[in-house]
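>>> sequence first, then the predicted structure, then my questions.
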Amino acid sequence: MSYLNISTPERLAAFCQQLAHCKRIALDTEFVSERTYRPVLCLVQVAADGELALIDPFAVKDLKPFWEAIASPGHETIVHAGRGELEFCFQAVGRAPAGLFDVQIVAGLVGIEYPAGYGTLISKLLGQKPNKAETRTDWRQRPLSRRQIQYALDDIRYLPALRDELDARLTRLQRHAWVAEEMAAMEDEVQWALSQERWRRVSGNSGLTGRSLAIVRELWRWREAEAQRRNCPPRRVLRDDLLVELAKRQTAEIPRIEAVRGLDRGDLKRQLPKIAEAIQRGLDLAEDDWPATVRQESVPQLSVLGQFLYAALGSVCREAEIAPPLVGTPNDIREWIAYRIDRGRTRRTPRLARGWRAQVVGNLFDDLLAGKISVRVGDPTAESPLVLDRRGSD
């Protein structure tokens, strides 16, 4: 299979000039993230107006001209599960790829499957079987083997055809506006995640007091800085469970810190003074500066109604040709119920009450709770056995 091998800045510059005239650019990346603070970009694959190219980031150190070309308007950028590509683009030039079209998300919007793997979509939509033998390969090694190159090229050469098949279904269902909504939401989520301190994602922090959360935040900040300095994953510096345990104990005394099982590692012992300093910073904060606690409300109705509405969600989505997991999760439904019970006074509008999701299920759920729609069992052997009937006015 012929392709452009881009391994010098001069070749990259010439290729970027070509991209400026392309209407469709399919994009994929190979990266390794297990051992470093940030993912290491190992290969960039591009299919642009019928031409395939592989860009070697180890040979071409500065890929900013490429990401500028990808972010510049005038073309459509086709990806599969493209969050990683969005992150690389945002980090390089502060903007998202232009005209984003994620085939994984679009497949869910037309009722195929979500989240569908690349091979699954190729099989279902194109009737072909791609080579997936190099899924766990080490993309840092050089030179790349023939099998690695073939795999990398396969990751992009099917994307334009997948896009065309999906676009035809979008046209039939009149859902192009839904795609624009989902692409904008994904771009916002990625940009937000890259710009925020994500200490609340430390597992096990729910139910902690404000003071303990302040310690979690300070320990997270220390851990991030240390991981960046060492260029290693943050959890390799200090595990989440140890971080939360230290926050619960609320002490900066080194002997008491040492007493926590799991902190007897040699590298952690050397860091005990720094850990104690981070804990003390959290302890010294005034109460007004503590992070807000997240209340876990126990509302019995949420469980019963959530199960009922989640069952209804599957039936509604299959009838409307949408993959249910893309529409919402059980947690999304609980948030929607809590929002409705609270009448929206103190909560932000949940996903199921916004945009196309409100059109598909949110408004229907309103009618279900109001008794305007009833649910019955139709064919018990059918994939969607529940039938929703709109009740006539009395």
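Received it, and whenever you're ready, just let me know what you need.
>>> where does pLDDT dip in the stretch 101-250 of the chain?
For the stretch 101-250 of the chain, the stretches with pLDDT under 70 are 132-135.
>>> quick one: the helices in it?
Residue ranges of the helices in the stretch 101-250 of the chain, as given by DSSP state H, counting those that start in this stretch, are 103-109, 118-121, 146-157, 159-173, 176-195, 210-230, 234-237, 240-249.
>>> send over the third one as CSV, restricted to the C-alpha atoms.
What follows is the C-alpha trace of helix 146-157 in CSV, where atoms were taken according to Å, rounded to 0.1, in the frame of the first residue of the first chain:
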residue,chain,number,x,y,z
ARG,A,146,5.6,-3.8,8.0
ARG,A,147,2.8,-5.1,10.1
GLN,A,148,2.8,-2.0,12.2
ILE,A,149,2.7,0.2,9.1
GLN,A,150,-0.1,-1.8,7.6
TYR,A,151,-2.1,-1.6,10.8
ALA,A,152,-1.5,2.2,11.1
LEU,A,153,-2.7,2.7,7.5
ASP,A,154,-5.8,0.5,8.0
ASP,A,155,-6.7,2.8,10.9
ILE,A,156,-7.4,5.7,8.5
ARG,A,157,-8.0,4.3,5.1
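>>> give the buried residues for it.
Neighbour counts over helix 146-157 (16 or more other CB atoms under 10 Å) mark Q148, I149, Q150, Y151, A152, L153, D154, D155, I156, R157 as buried. C-betas here are computed from N, CA, C, even on glycine.
>>> so who does the fifth one touch?
Spelled out, that is A152. Counting by CB atoms under 8 Å, 6 or more residues apart in numbering, A152 makes contact with D28, E30, L43, Q45, L54, L144.
>>> again, only this time at 10 Å
Shown in contact with A152 (CB atoms under 10 Å, 6 or more residues apart in numbering): 3, 28-30, 42-45, 52, 54, 134, 137, 139, 144.
>>> out of these, who's nearest F365?
Ranked by distance to F365 (CB to CB), these are led by D28 at 37.4 Å.
>>> hang on, the closest one in a strand?
Yes. Using DSSP: H, G, I helix; E, B strand; the rest coil, the assignment for D28 is a strand.
>>> and it, how far from P97?
Applying CB to CB, to the nearest Å, the value for D28 to P97 is 12 Å.
>>> and those two? which has more neighbours close in?
Shown here are D28 and P97; by other CB atoms under 10 Å, P97 has more neighbours (27 against 23).
>>> secondary structure class for the more buried one?
Three-state call for P97 (three-state DSSP): coil.
>>> so it touches G82, yeah?
Yes. Counting by CB atoms under 10 Å, P97 touches G82, with 7.7 Å between them.
>>> shared neighbours of the two, anything?
Common neighbours of P97 and G82, using CB under 10 Å, 6+ apart, are L27, F88, C89, M183.
>>> which element is the third one on?
Going back to what we said before, that points to C89. C89 is part of helix 83-93 when elements are defined by DSSP states H and E.
>>> mind listing what's buried in that helix?
Neighbour count says helix 83-93 has G84, E85, L86, E87, F88, C89, F90, A92, V93 buried, by 16+ other CB under 10 Å.
>>> the last one contacts E68, correct?
Think V93. Yes. Distance between V93 and E68: 5.4 Å, which falls inside the contact criterion (CB under 10 Å).
>>> do you know how far the residue nearest the centre of the chain is from P39?
Centroid-nearest residue in the chain: R83, 5.9 Å away (criterion: CA atoms, centre = their mean). As judged by CB to CB, R83 and P39 stand 11 Å apart.
>>> now swap in T29 and tell me
The value you get for T29 to P39, if CB to CB is used, is 9 Å.
>>> which neighbours do those two share?
Common neighbours of T29 and P39, counting by CB under 10 Å, 6+ apart, are G84, E87, F88.
>>> can I get the residues you listed in TSV with pLDDT and distance to R357?
Formatted as TSV, the shared contacts of T29 and P39 follow (pLDDT from 0 to 100; distance: CB to CB, whole Å):
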residue	pLDDT	distance to R357
G84	95	25
E87	96	25
F88	97	29
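>>> now render those residues as TSV, adding distance to D367.
Shown next, in TSV, are the shared contacts of T29 and P39 (distance: CB to CB, whole Å):
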residue	distance to D367
G84	40
E87	40
F88	44
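>>> understood, closing this out.
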